Each structure stands twice: as C-alpha cells, then as structure tokens.
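Undergrad: Below is the sequence, then the predicted model.
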Amino acid sequence: MDTDAEGFAKRSWKRSFGRRASLAATLLAAICGPTLAAAEEGKQLGPDRVAYQAAVSRGLEYLAQAQADDGSYSSQAGPGLTAIVATALLRHDRTPDDPLVAKSLKYLAGFVHDDGGIYAPGSRYQNYETSLAMLCFHEANADGRYDELLEKAEAFDKHIQWDGDEGHDEASLSYGGAGYGSHSRPDLSNTSFLIDTLQELGRGDDDPAIQRALVFVSRCQNLKSKHNDTKFAELSPDGGFYYTIAAGGESQAGSEEDGGLRSYGSMTYAGLRSMIFAGVNADDPRVQAAYEWAQKNYTLDENPGLADSGLYYYYHTFAKSLDAVGKPELVDDQGQPHTWREELIAELAERQQPDGSWKNSNVRWLEG
C-alpha cells in the first residue's frame with residue numbers, strides 16, 4: 001500500500017501487534033493455502049512435514065489472540081488486512097461459523113457499499129480492499145450465502161478498471177490496469193490483485209477484464225514485443241517487470257542512467273503469474289523472458305532489486321507464481337536445481353518469531 005510506513009511504525013504496541021498478525025496471515029494464506037494444497041496433491045513439499053505443521057500452528061495461535069473485539073485486525077490500516085487474516089483461517093479448516101471467523105466476516109460486511117465495493121469510507125485503496133474482501137467471502141461461500149455480495153463486488157472491481165469508462169482506449173498506457181481507486185494511476189501490483197481475484201472466482205482467461213489487464217501487464221515488462229512498444233521496453237531488456245508504465249513510468253527499484261526502469265522480484269513474479277492466469281502460453285516470449293529472469297535472480301535472501309523492502313510480499317508473489325508455473329523445481333542460470341517449496345518453507349520457519357508471528361526489520365509497506 002502507498003502508506004507512510006514510518007508513521008505507522010511509531011504507533012502503539014497494540015497496532016504493531018495487529019500488523020504482525022496480518023503479516024502472519026499473509027504467509028499462511030499465500031503460501032500455506034492453495035500453493036500447499038497443490039503440493040499435497042503430488043508435488044514435492046519437502047521432507048520436514050513436522051516443522052511445517054509446527055510453524056503453521058504457531059502462526060494460527062498468534063492470529064487467534066490478535067483479533068480485536070470488533071473482529072478486525074489492524075483496523076487503522078483498513079479492512080484489507082482483516083480479509084487476509086480471515087482468508088488464512090478459512091484455508092486452515094476454520095468454518096464461516098467459527099466464532100473467530102464469523103466476527104471478521106461481520107466486520108468486513110460493514111464495509112459493503114451500495115456500489116458493490118468493499119472498502120473503508122473515503123478509501124484510496126478501493127481495488128485492493130475489495131479484491132481481498134472478495135477472496136475472503138469466496139472462501140466462506142460454500143453454501144452460496146455471499147453470492148449476491150460477490151456478484152456486485154466483482155462488477156465494482158471491473159468498473160474501476162482503467163478502460164473506456166475512464167476515457168482510456170487501448171492506446172493509453174493506463175488501459176487495462178487497476179489502481180488503488182484514487183485514479184491517480186494504475187499499477188502492476190493492484191492489477192495482479194484484480195487478476196488473482198477473478199481467477200479465484202473461476203473466471204477464465206477469456207474474461208474481458210482479464211484480457212484488458214493483460215495489455216497493461218505486458219507493457220510493464222522490460223521486453224520489446226508486439227505487445228509492448230513503449231519507450232522503456234528496450235532500455236533495460238532483461239525480461240523482468242516494474243511497478244507501472246502509467247503516468248510516466250515508475251519502478252520501486254529506481255531508474256537506470258538512461259531512464260530505463262529497473263526490474264525487481266515481487267513485480268516480476270506478479271507479472272509472470274498474471275500472464276499465466278491470462279492464458280499466455282509457456283512458449284510465449286513474454287513468459288519465457290520472465291521465467292529466465294527468475295532463473296537468473298533466484299534467491300530467498302531478499303526481494304531482488306529491493307533488498308529487504310517488501311520481503312514478505314516477495315515471498316507471496318514468488319510462491320503463487322511458481323505454483324502457477326506448475327514446476328516443483330526451478331533450475332537457476334548456474335544449473336543448480338531448487339525445490340522451491342522446500343526451500344521457502346525452511347526459510348519461513350527460520351524467520352518465524354518465537355510468538356508465532358513474522359516481522360520484517362524493514363518497516364516499509366507495513367512489514368515492520
């Protein structure tokens with residue numbers, strides 16, 4: 001989120017406790033949810049199942065004690081973080097009627113607007129908050145209780161996507177992207193949230209919103225192609241992705257002297273996953289170039305290009321993207337094979353705090 005992390009870091013211990021709760025939930029939902037479910041269906045998970053279960057159990061125990069009386073987590077940062085936590089709990093055998101989950105669902109329902117969006121009043125993060133809430137309500141919707149809510153929320157998210165309704169045709173570098181909702185500019189992070197959510201809802205790669213989003217995603221890649229003739233495409237042609245092509249272009253990793261926008265880990269994996277969900281084939285040059293970037297920059301020590309900034313967001317995009325690729329092993333550019341699930345679980349177990357939470361020493365983007 002585009003937030004003053006420095007200011008958040010100075011808030012009370014209680015709020016810091018809640019932020020760590022949402023970080024723990026991010027890991028549980030992203031890495032220990034569908035990705036691990038796929039592993040259990042036959043892909044190699046790694047030998048130390050006991051250590052994995054112990055880490056997950058400690059994280060869940062932490063989340064159980066971190067909930068506020070109104071069912072929220074980190075309410076000062078909006079409803080999105082509560083949605084992440086509740087989703088994690090639902091993916092670990094809690095039901096919608098479980099008291100812990102039910103309180104969070106009731107809290108989130110209080111943010112449903114007449115326009116279908118699910119966001120805090122006056123929020124600048126409407127796509128982000130609505131997308132995360134949709135994932136949560138979808139997880140809780142086995143009996144169809146949230147069908148109408150989800151239908152309206154999906155329509156809202158698609159409505160605020162940058163397209164003709166905002167006066168942007170396909171020639172616009174904003175076309176197809178999703179932003180937080182303030183309409184200052186779309187970005188790849190929010191666009192990947194939109195694609196992820198639609199994919200989770202069962203929308204196919206022929207969904208018009210997904211195909212519009214693919215136009216934007218392709219233009220955020222450092223790769224010249226028939227899908228990308230922007231001025232940045234040839235300046236740093238390493239196949240990676242940066243934050244946004246819109247509004248003059250921006251990379252959180254900075255720029256080269258010639259004006260090229262530097263690729264970095266979390267956005268490259270977000271771009272790779274988004275292309276796969278949008279139906280781009282493995283032999284497409286865009287997918288090949290992004291995967292080769294991942295091979296050349298394989299690491300779990302940092303978010304490549306950003307050091308420890310957004311480290312846990314990097315783990316999130318890393319896991320979901322390689323799961324989407326469908327290969328249990330990645331061979332880096334030195335020929336070294338990596339059973340990435342096993343390595344990631346070991347890394348996370350090593351980084352877990354004694355109380356069951358995870359915490360980044362870098363406070364940027366609420367990870368502190």
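TA: All right, it came through fine.

Undergrad: I'd say residue 333 and residue 295 touch.
TA: Yes. Proximity of residue 333 to residue 295 meets the contact threshold set by C-beta atoms under 8 Å, at 4.8 Å. Where C-beta positions appear, they are placed from N, C-alpha and C, glycine not excepted.

Undergrad: So those two - more neighbours on which side?
TA: residue 295 (16 against 12; other C-beta atoms under 10 Å).

Undergrad: surely the more buried one meets residue 329?
TA: No. Using C-beta under 8 Å, residue 295 is not in contact with residue 329, being 11.6 Å away.

Undergrad: Tell me where the model's unsure across the stretch 151-300 of the chain.
TA: Along the stretch 151-300 of the chain, the model assigns pLDDT under 70 to residues 181-183.

Undergrad: Show me the strands in it, by range?
TA: Here the stretch 151-300 of the chain has no strands by DSSP state E, counting those that start in this stretch.

Undergrad: Where do the helices of the stretch 201-350 of the chain begin and end?
TA: 208-219, 265-277, 285-296, 311-325, 340-351 (DSSP state H, counting those that start in this stretch).

Undergrad: Among those, which comes closest to residue 192?
TA: helix 265-277 (4.1 Å; C-beta to C-beta).

Undergrad: Can you give me the distance of residue 224 to residue 250?
TA: Note on residue 224: its distance to residue 250, by C-beta to C-beta, to the nearest Å, is 19 Å.

Undergrad: the more surrounded of these two?
TA: It is residue 250, of residue 224 and residue 250, that has more neighbours when counted by other C-beta under 10 Å, with 18 against 15.

Undergrad: is it true that that one touches residue 243?
TA: Yes. Assessed by C-beta under 8 Å, residue 250 is found in contact with residue 243 at 5.1 Å.

Undergrad: In the stretch 1-150 of the chain, where is pLDDT below threshold?
TA: 1-47.

Undergrad: rerun at 50
TA: 1-20, 30-31, 38-39, 42-45 (pLDDT under 50).

Undergrad: tell me the helices in it, going along the chain?
TA: Going by DSSP H, counting those that start in this stretch, the stretch 1-150 of the chain shows helices at 5-9, 13-31, 34-40, 49-66, 80-90, 99-109, 126-139, 147-159.

Undergrad: Do you know the pLDDT at residue 350?
TA: Listed pLDDT for residue 350 reads 94.

Undergrad: how many other residues sit next to it?
TA: The number of residues near residue 350, taken as other C-beta under 10 Å, comes to 10.

Undergrad: and it, how far is that from residue 142?
TA: 35 Å.

Undergrad: I'd guessed residue 111 sits against residue 136; true?
TA: No. Under the criterion of C-beta under 8 Å, residue 111 makes no contact with residue 136, lying 11.3 Å away.

Undergrad: The two: which has the busier surroundings?
TA: For residue 111 and residue 136, the more surrounded residue by other C-beta under 10 Å is residue 136, and the numbers stand at 29 against 20.

Undergrad: Next up, the contacts around that one.
TA: 83, 84, 86, 87, 90, 104, 105, 108 (C-beta atoms under 8 Å, 6 or more residues apart in numbering).

Undergrad: any idea which of those is closest to residue 67?
TA: residue 104 (7.2 Å).

Undergrad: what about the closest one, how many residues close to it?
TA: Neighbours of residue 104 (other C-beta under 10 Å): 29.

Undergrad: Could you pull up the residues touching it?
TA: 67, 71, 72, 73, 82, 83, 85, 86, 89, 136.

Undergrad: which of those residues has the most neighbours?
TA: residue 86 (35 neighbours).

Undergrad: In the contacts of residue 136, find the pair that's most separated.
TA: 84 and 105 (13.3 Å).

Undergrad: So if I had to pick from those two, which one is more boxed in?
TA: residue 84 (26 against 23).

Undergrad: send the alpha carbons of stretch 51-71 over as CSV?
TA: Extracted in CSV, the C-alpha atoms of stretch 51-71 (Å, rounded to 0.1, in the frame of the first residue of the first chain):
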residue,chain,number,x,y,z
ALA,A,51,8.4,-28.5,11.0
TYR,A,52,5.9,-27.1,8.5
GLN,A,53,2.9,-28.0,10.6
ALA,A,54,4.5,-26.6,13.7
ALA,A,55,5.2,-23.3,12.0
VAL,A,56,1.6,-23.1,10.7
SER,A,57,0.2,-24.0,14.1
ARG,A,58,2.2,-21.2,15.9
GLY,A,59,1.0,-18.7,13.3
LEU,A,60,-2.6,-19.7,13.7
GLU,A,61,-2.3,-19.4,17.5
TYR,A,62,-0.8,-16.0,17.1
LEU,A,63,-3.7,-14.8,14.9
ALA,A,64,-6.3,-16.2,17.3
GLN,A,65,-5.1,-13.9,20.1
ALA,A,66,-4.6,-10.9,17.9
GLN,A,67,-8.2,-10.2,16.9
ALA,A,68,-9.8,-7.0,18.2
ASP,A,69,-13.2,-7.1,19.9
ASP,A,70,-15.0,-6.0,16.7
GLY,A,71,-13.5,-8.8,14.7
